[in-house]
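Peer 1: quick one, fold the following:
(chains A and B)
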2 protein chains.
Amino acid sequence: MLTFWQDYPEIQNKLKDVQALMIERLKINNQEIEVALQKFASRGGKMVRPALFLLFAGIVPNGSKDEEKLIKIAASLEMLHSATLIHDDIIDDSPLRRGMPSVESQFGKDVAVYAGDFVYTVYFELLIETMNGTSFVAKNAQSMKRILQGELTQMQSAFDKNNTARRYMKAISGKTAELLSLSCLEGVYFAGGDKKLQHSARKIGRAIGLAFQVYDDILNFTVGLDEADKPILTDFRQGIYTLPLLLAREVNEAAIAPYLEAPEKLSRQECLDLAELVTELGGITGSLLVAGRLTELALNEIKKLPESPNRQILEEATQILLERNY
Amino acid sequence: MLTFWQDYPEIQNKLKDVQALMIERLKINNQEIEVALQKFASRGGKMVRPALFLLFAGIVPNGSKDEEKLIKIAASLEMLHSATLIHDDIIDDSPLRRGMPSVESQFGKDVAVYAGDFVYTVYFELLIETMNGTSFVAKNAQSMKRILQGELTQMQSAFDKNNTARRYMKAISGKTAELLSLSCLEGVYFAGGDKKLQHSARKIGRAIGLAFQVYDDILNFTVGLDEADKPILTDFRQGIYTLPLLLAREVNEAAIAPYLEAPEKLSRQECLDLAELVTELGGITGSLLVAGRLTELALNEIKKLPESPNRQILEEATQILLERNY
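Peer 2: Okay, the predicted model is just below:
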């Protein structure tokens, strides 16, 4: 929801432009798919990637004013993200995405494969229009590869009792942090920021990305537990063992082990028991500590950026983005 | 199989280089997928797209001698083709591809989605390394889009009793002709050929592509009919109505109609009956006529190309490529 950005009308307005551009570009000779993709784009989520891109472009002293180009690049980042989401939903068999049926559940796997491929082509078109001839086309291809490798690492680790916190960090580093890092870096680069600023942007993006994912994975163990009609521990039951569980297991392997025998078959009560166990063993506290440290790292780096009103917004946005309810 | 090119050792050797490069690039942090993709690449099929690219590069008078670059571009075309095949096999549930289990049947849909995505990233890397900054990056994105739109047209038309020969031509124009046309065009362009030669190359590639696909679709109605252990009319039974059927239906709609009620449930005998009916109604002859005319069109254009030993090879290769057994 773009309401997430309602206190920052400048960013919110630019994100509306990004969204409008995405909807315009998602035209295809299949009306059903076109409507689904355009709806998908208009829901928009928080649009974290374009938002970070635009915020970082905004902190560059005397930065580029080529708004049209910046909006296109912002859209390219969200397109890449959307394409990976559409294909991820095939792997996860997700019924919902952004509160509406996923492309996969609505049209089946087959359409979802092509719909995702199509969004990739739109992404490439946007890249070509804005950065053909620069080294950033290659950087995008590299990021795309790392995102995929992150997804594959996660997929390979599914139901793997020997998954480790280290492997988890590697997976989310590709799956989430890579694209957030690229978003921040591109913001600085395309606004004309220098090497030093580019380096900080990458570092901040990576830290925000990791923190963002760890918080998200904590929520999977803490949210909806008292709402009887909602599925809980959805990741865990798909064999995706995230940080809270992995840290808890390090404390007491014997207690966690039985739950790893057939995660997909756990009853609701067993899920509640596991969530409690993970909390008792410090899995939540430990993960909050990790995420908190990453957030601090990001905020400290942000404080070193050149002073400007946009830096203030970036700082607040980072705090809001990483401020969740547990 | 590269044995297809055994009478043309120069092309065959270059195709071996293309294959070696593909295998080198298909490295990923998942050994199973890596092995599957590398095996896929080493089977290689006829490598029609890189072969046409190299043949057309060869007919340019005083053409580029930057072999390394040409091999990379040739590989990029085969990579794009491979990525689409891997995703197509998800849609078709194909058990086999090039005589071995398809990525989908070997590893499941999930892996196949990411494996295809990964091959797309390798394709983009090769593009970026060879043509970043030229208009051909955009041309590639455009072709990719057209190929997808062709696939979508075909998918939408599946089991559609109102599918027409016209819509069929539109689908194969995207699905097959687009990439063959791009292969020929890129061959001329990257060897340094002029606009006129580029135009001919595109035209020839398109005609070869259409003829190639029509012949392929004819084979689906004529091959394996007397081998009791082989599945026949595989496309038809998946609701893919190709030219032979569509032409036959134009002659006698009432006779064909019953077969379109539930194509996926036809018995072997009913398939044989249908194949006979399609032949009797002139569906095969009519399709052969279309394919033959397209082949002629390609050969006439080839004859107008600048005289050279490579033109001779191109002419022969086109004839061999489009010469099938019925």
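
Peer 1: so where's the stretch 1-150 of chain A shaky on pLDDT?
Peer 2: The stretch 1-150 of chain A contains residues with pLDDT under 70 at A:1, A:93-100.

Peer 1: who in it is up against chain B?
Peer 2: When proximity is defined by Cβ under 8 Å from any Cβ of the partner chain, the stretch 1-150 of chain A lies next to chain B at A:28-30, A:33, A:87, A:90-91, A:109-111, A:113-114, A:116-118, A:120-121, A:124-125, A:128-129, A:132-133, A:137-138, A:141-142, A:144-145, A:148-149. Where C-beta positions appear, they are placed from N, C-alpha and C, glycine not excepted.

Peer 1: now the buried members of the residues you listed.
Peer 2: By neighbour count, with 16 or more other Cβ atoms under 10 Å in any protein chain shown, these hold A:28-30, A:33, A:87, A:90-91, A:109-111, A:113-114, A:116-118, A:120-121, A:124-125, A:128, A:132, A:137-138, A:141-142, A:144-145, A:148-149 as buried.

Peer 1: in helices only, show me the residues you listed.
Peer 2: A:33, A:87, A:90-91, A:109-111, A:113-114, A:116-118, A:120-121, A:124-125, A:128, A:137-138, A:141-142, A:144-145, A:148-149 (DSSP state H).

Peer 1: now do the domain split for chain A, please.
Peer 2: For chain A, automatic domain parsing gives the domain ranges A:1-132, A:163-326.

Peer 1: the residue of chain A positioned farthest from its centre in helix, strand or coil?
Peer 2: Centroid-distance maximum for chain A: residue A:254 at 32.8 Å, with Cα atoms, centre = their mean. For residue A:254, the secondary-structure state derived from DSSP: H, G, I helix; E, B strand; the rest coil is helix.

Peer 1: equivalent analysis for residue A:241, please.
Peer 2: Assignment for residue A:241 (three-state DSSP): coil.

Peer 1: which residue, neighbours along the chain excluded, lies closest to it?
Peer 2: Nearest residue to residue A:241, sequence neighbours excluded (Cβ to Cβ, 6 or more residues apart in numbering or on different chains): residue A:163, at 4.8 Å.

Peer 1: just residue A:191 next, same as before
Peer 2: Closest to residue A:191 by Cβ to Cβ, 6+ apart is residue A:63, at 3.4 Å.

Peer 1: make sure that neighbour is indeed in a strand.
Peer 2: No: secondary structure of residue A:63 (three-state DSSP): coil, not part of a strand.

Peer 1: wait, it sits on residue A:193?
Peer 2: Yes: assessed by Cβ atoms under 8 Å, residue A:63 is found in contact with residue A:193 at 6.9 Å.

Peer 1: more neighbours: which of the two?
Peer 2: Each of residue A:63 and residue A:193 had its neighbours counted (other Cβ atoms under 10 Å in any protein chain shown), and the higher figure belongs to residue A:193 (25 against 20).

Peer 1: how close does that one get to residue A:186?
Peer 2: As defined by Cβ to Cβ, to the nearest Å, residue A:193 lies at a distance of 10 Å from residue A:186.

Peer 1: so what sits against both of those two?
Peer 2: Common contacts of residue A:193 and residue A:186 (Cβ atoms under 8 Å, 6 or more residues apart in numbering or on different chains): residue A:56.

Peer 1: dump the residue contacts of the residue in chain A that chain B sits nearest to.
Peer 2: When scored by Cβ to the nearest Cβ, chain A has residue A:133 as its residue closest to chain B, at 3.3 Å. Neighbour list for residue A:133: B:132-133 [criterion: Cβ under 8 Å, 6+ apart].

Peer 1: what does it show for phi and psi?
Peer 2: phi 100, psi -10 (degrees, to the nearest 10).

Peer 1: and if you look at residue A:65?
Peer 2: According to degrees, to the nearest 10, residue A:65 has phi -110, psi 10.

Peer 1: for residue A:190, see how far away it is.
Peer 2: Relative to residue A:190, and taking Cβ to Cβ, residue A:65 is found at 12 Å.

Peer 1: neighbour count: those two, which is higher?
Peer 2: residue A:190 (24 against 10).

Peer 1: can you confirm that one is in a strand?
Peer 2: No: assessed by three-state DSSP, residue A:190 does not belong to a strand; its assignment is helix.

Peer 1: so what's the residue farthest from the centre of chain A up against?
Peer 2: Per Cβ under 8 Å, 6+ apart, neighbours of residue A:254: none.

Peer 1: give me the residue at the spatial middle of chain A.
Peer 2: By Cα atoms, centre = their mean, chain A has its centre lying nearest to residue A:176, at 4.8 Å.

Peer 1: which one is it nearest to, not counting chain neighbours?
Peer 2: Per Cβ to Cβ, 6+ apart, closest to residue A:176 is residue A:213, 4.1 Å.

Peer 1: need the three-state assignment for the one you found.
Peer 2: Relying on three-state DSSP, one would call residue A:213 helix.

Peer 1: contact partners for it?
Peer 2: A:172, A:175-177.

Peer 1: try 10 Å this time
Peer 2: Contacts for residue A:213 (Cβ atoms under 10 Å, 6 or more residues apart in numbering or on different chains) come out as A:150, A:168-169, A:171-173, A:175-177, A:180, A:242-243, A:291, A:294.

Peer 1: in helices only, show me these.
Peer 2: Reading helices off the contacts of residue A:213 with DSSP H, I get A:150, A:168-169, A:171-172, A:180, A:243, A:291, A:294.

Peer 1: who wins on neighbours among these?
Peer 2: residue A:180 (26 neighbours).

Peer 1: and the nearest residue to that residue once chain neighbours are set aside, how many neighbours?
Peer 2: In this structure, residue A:180 finds its nearest non-sequential neighbour in residue A:209, 3.5 Å apart by Cβ to Cβ, 6+ apart. Number of residues near residue A:209 (other Cβ under 10 Å) recorded here: 27.

Peer 1: I figured residue A:209 hits residue A:173, correct?
Peer 2: Yes: using Cβ atoms under 10 Å, residue A:209 is in contact with residue A:173, at 7.9 Å.
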